[in-house]
Structure formats: structure tokens, C-alpha cells
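**Q** here is a sequence together with a model predicted from it:
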Amino acid sequence: MSNYDFDLLVIGSGPAGQRAAIQAAKLEKRVALVERKAVVGGVCINTGTIPSKTLREAVLYLSGYRERGVYGASYTVKPHITMTDLLVRTDYVIKHEIDVTRHQIMRNGIELIPATASFVDPHTIRLESPDGNYHRNVTAERIIIGVGTEATKEAHIPFDGRIIFTSDEVLCLDRLPKTLSVVGAGVIGCEYACMFAALGVRVTLVDKRPGLLPFVDREISDTLAYHLGENRVTLRLGEEVARIEREKTEDEDPHNDRVRLLLSSGKQIVTEKCLYSIGRTGATHKLNAAAAGLKADNRGRVQVNQYYQTNVDHIYAAGDIIGFPSLASTSMEQGRLAACHAFGVNAQSVPELFPYGIYTIPEISMVGKTEEELTREGVPYEVGKAHYREIARGQIIGDLTGLLKLIFHYETRELLGVHIIGEGASELIHIGQAVLAYKGKVDYFVNAVFNYPTLAEGYKVAALDGVNRMGVTVA
């Protein structure tokens, strides 16, 4: 037994903190998990990943979006969709996930402490109850920070959570607007733009960058841009927002106020509501990180090494707080690896093969290299493509616009990247991920037999297409 109260203290119960705590508990360590909010799960369960993906599923079902390829553009399950309709499903899933998380924490013998944590010194943490009436100091031999992030808010923007709001406040909207401006075309901005557009909202998406999602293969991001246009989304790319103003209506009812965006180019955009989504800032402002000798950048993010150690050896950080890719899946793995390293357990992962899932409509998923990366690196490559419209399953489910794309080395035929846009992309990607992990060749897909009819058959179609492009005739 050490002289510390805990072997490991984890700050934050999101995906990174939860997995770190459970991993340490499995190693029979004394673990405490500190969460300042009334519920566990962090942003992932309460305002981020789980709510937004559940909201997306409710949108797709109630709007009849998935069936329109078969039954026509006017098809819908419910003619007049309200925020209440969308939140019924969302609230149910959130409550379930909170319960599952609490149960996992309890059955692993982790002490869950509802408190705000701040450093007193590198090994001492001050814990203050949510109501501020109680506090105590605890010590820990090792500490993992997984406090996550908050939507970035700029002081000059007149946020009110109703007319001008962030992604953290979407679930609190009183009603669906007829028009919406979205400032910021990152992952979150694109996802919500797609959801509202599927509901018939006229969306204008503004970003100062010249294209959508620059880390995504350009052909895939261009395809997304095309689909957004087909859903009547107006793209204002390469445009910077100079000012955002609330505009009162003649009836002076604040519920009817509108938003005016003034762009640096002189353009103006007027909509009922505005989603401001220019990124997220690390939730480190209450940690008193300086007392532990920790440093955070101007966006509140903490720098770590390959073992997720900060500049203070016994203090680790994982999840959104360390920056890109800021995915729940990668955060979970980072938390696990940090806990393993903290207690000298050998654990390995392959970050370059982490899959990315982007839940736009249609959804996007990718793993491995993009064409742009390979071009910069001077790697000779070939591509093979399968369009969902060529796949029987694509016809059956009514998705005629999806695309599965394989990139492989021109000389060795080793698979280098898989990029998918379309229904089920985030599930399909794991087939390609497995082949990449074992340095398999595109020939694997040429020779493999897939169930018929399935979307997975697209791997074989894409592989045959790629090999035939090389002049190698394959039936």
C-alpha cells in the first residue's frame, strides 16, 4: 500500500476517463473517478456523441429520408416533426447509457466522487461538492485528466442558447426553425447541417476554409458537398463572419427575433437561428493546472507524448483534451493505454489505423491514407471504386449515391486506404481496417466471397475495378 489515498485518480467520466478508470481497476488498483456534473458520461453521453447520433437516427426515421430513393422526395413518416418528437428517442438512449456507465463503474469497485477537481500540488487534488458547501483534499500516486472540451464561445457573439447557440445547446431548442445558419464546417457543423437539412430546414453553412473537412479524402468531401447542395444547403466556403447580430421583428416578440450574419466579403445572411460551431476548447479552466506544473495551449488543450504523459511524468491526459482526432472511439483507447503505461503494463495500439466515423447524411468513414497524402509522399497508387447503385443491396435500401473507394500501392498492391460515403459507412470500414492491419493486398478482396446481397460486396467490386484499371483483366 502506498502513502497516497488512491493509486489512480481520474478527472472526468467521459470515454477516456471511464476506460482509464476501468483498466486501472482491472489491474487491482485503488481508483477514484471524479465527475463535476450530476450525471456520468461527460460530453459524449450527455450533449455530444450519443445525443447527436441518436438525434440523427430520429431525423432519418421520422423524415423518411432513407426511403425517398424508392418512394420519392415527398415521402415522410411524420408530416410535422417537432423537437419533442426528436427528443423522445434521444432522452431514452441518454438515460440508458448513463445507467450502463454507472453500473460499469460500480461493479469494478471504482469510487465515484461527484465534485469539481482542482490541483493543489502535483499529487494533491482539492475536491469541492457541486453546491460548494463541502470540500476535501485527496492524494493520488498517478492522475489521468479526461475533462473533455466545451463548445468554443467568443465574447463578441451574443449567445442566448435559443436564437444563437452552440452544439452543446441543440437539445434545448424550443422548436425547429425554417431557416438556419451554421458557422463552422467542421465535423460537428457538417453533421448538424445535414440533420436540419434532412428535416426540410433551409441551411446556410459558412466556413473560412475553401473546402469541407480537409482531413478527409477530397473526392469524398466533394461528394458530401454535392449531397448538401442536393438537400438545398447553401455553402458559403472561403467566407469569414465579421459580425453576428440579433434582429428584432416588428411584433417585438423576442421569440420571433432573427439572426443577421455579416460576412467580411460584404454578404449578409438572415436566418431564424444560428448554430455557432467553430471548434471546441479544453475544459481545463477549473483545474488550476499551474499548481501541478501543467501547461495548456490557448485552446485549453494539454500536450502529451506517445504514452499520453504530460510534462509532469505521473500526470496523464487523454481524450478530447489532447486534441485531434477527438473521437469517442479514440478517446476510449487513449484512456486505456494511459492507464496501462501508468502502471507498467505493456499495451499496444496502432493510431495510424484508427478509423474515423463522421455522421453526416450520408455518413462518412475512413481509415488509412488519402489520395492527397500519398501524392505528397510520392507513393505510386491506384484506386478502385464501387458505387452503391451498382450493388444490389444499395438498390434494396434505396441508397443510390454511396461510394466505396479503395487505395492500394501500384507495385505491391498492398492496401493503403479505405474511404466510404453512404449508408453503413462506419460499420463497413472495419473490414478494410482489418486488412490494413495485416498489410493485406487488394487481391484479398478480389478473391473473397461476400454474402449477397450486402453492401460489403462493394469491397469486391471496388477491388476488381482497381485491378482492371491497372490493365490486369479479371472477370
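**A** Yes, it's here.
**Q** spatially central residue in the protein, please.
**A** residue 327 (4.7 Å; Cα atoms, centre = their mean).
**Q** what sits against that residue?
**A** 354, 356, 357 (Cβ atoms under 8 Å, 6 or more residues apart in numbering). Glycine gets a C-beta too; all of them are placed from N, C-alpha and C.
**Q** 10 Å - rerun?
**A** By Cβ atoms under 10 Å, 6 or more residues apart in numbering, the contact list for residue 327 reads 15, 44, 49, 187, 319-320, 333-334, 354-358.
**Q** lowest pLDDT pick from those residues?
**A** Lowest pLDDT among the contacts of residue 327: residue 44, with 61.
**Q** where's the nearest residue to residue 355 once chain neighbours are set aside, which helix or strand?
**A** Of all residues not flanking residue 355 in the chain, residue 367 sits nearest, at 4.3 Å (Cβ to Cβ, 6 or more residues apart in numbering). Using DSSP states H and E, residue 367 sits in strand 364-368.
**Q** show me what the following helix or strand past that strand is packed against.
**A** Reading on from strand 364-368 to the C-terminus, the next helix or strand found by DSSP H and E is helix 371-377. Applying 3 or more Cβ pairs under 10 Å, 6 or more residues apart in numbering; DSSP states H and E, one finds that helix 371-377 makes contact with helix 218-230, strand 381-387, strand 403-409, strand 415-421.
**Q** dump these into JSON lines; add mean pLDDT and mean neighbour count as well.
**A** Below are the helices and strands packed on helix 371-377 laid out as JSON lines (pLDDT from 0 to 100; neighbours: other Cβ atoms under 10 Å):
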{"stretch": "helix 218-230", "mean pLDDT": "95", "mean neighbour count": "17"}
{"stretch": "strand 381-387", "mean pLDDT": "97", "mean neighbour count": "20"}
{"stretch": "strand 403-409", "mean pLDDT": "98", "mean neighbour count": "25"}
{"stretch": "strand 415-421", "mean pLDDT": "98", "mean neighbour count": "27"}
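**Q** show me this structure divided up by domain.
**A** As assigned by automatic domain parsing, the chain contains the domains 6-151+281-352, 164-278, 362-469.
**Q** distance between the last one and the chain's centre?
**A** For domain 362-469, the distance from its own C-alpha centre to the chain's C-alpha centre is 22 Å (Cα atoms, centre = their mean, to the nearest Å).
**Q** what about it, start to end distance?
**A** Using Cα to Cα, to the nearest Å, the end-to-end distance of domain 362-469 comes to 27 Å.
**Q** about what we covered before: just put the domains of the chain in CSV and tack on distance to residue 158.
**A** Listed next are these as CSV, based on distance: least, Cβ to Cβ, whole Å:
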stretch, distance to residue 158
domain 6-151+281-352, 15
domain 164-278, 6
domain 362-469, 33
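**Q** what's the closest of these to residue 157?
**A** domain 164-278 (5.5 Å; Cβ to Cβ).
**Q** which residues are in contact with residue 402?
**A** 223, 362-363, 386-391, 393-394, 420-425, 428, 455, 458.
**Q** just the buried ones from those?
**A** 223, 362-363, 386-388, 390-391, 393-394, 420-425, 428, 455, 458 (16 or more other Cβ atoms under 10 Å).
**Q** picking up where we left off before, just the buried ones among the contacts of residue 327, please.
**A** The buried subset of the contacts of residue 327 - by 16+ other Cβ under 10 Å - is 15, 44, 49, 187, 319, 320, 333, 334, 355, 356, 357, 358.
**Q** closest one to residue 76 out of those residues, please.
**A** residue 358 (25.2 Å).
**Q** test my guess that residue 76 contacts residue 60.
**A** No: counting by Cβ atoms under 10 Å, residue 76 does not reach residue 60; the two are 11.3 Å apart.
**Q** what do the two both touch?
**A** Joint contacts of residue 76 and residue 60 (Cβ under 10 Å, 6+ apart) are 67, 199.
**Q** in strands, which of the buried ones among the contacts of residue 327 fall?
**A** Counting by DSSP state E, the part of these found in strands is 356, 357, 358.
**Q** burial of residue 94, as a residue count?
**A** 20 (other Cβ atoms under 10 Å).
**Q** correction: the previous question concerned residue 464.
**A** 18.
**Q** same thing with residue 148?
**A** By the criterion of other Cβ under 10 Å, residue 148 has 24 neighbours.
**Q** quick revisit: output the strand holding residue 367 as PDB, restricted to C-alpha atoms.
**A** Extracted in PDB, the C-alpha atoms of strand 364-368 (Å, rounded to 0.1, in the frame of the first residue of the first chain):
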ATOM      1  CA  ILE A 364     -18.500   9.100 -44.000                       C
ATOM      2  CA  SER A 365     -15.900   6.700 -42.700                       C
ATOM      3  CA  MET A 366     -12.200   6.300 -43.500                       C
ATOM      4  CA  VAL A 367      -9.100   4.500 -42.400                       C
ATOM      5  CA  GLY A 368      -5.500   4.700 -43.800                       C
END
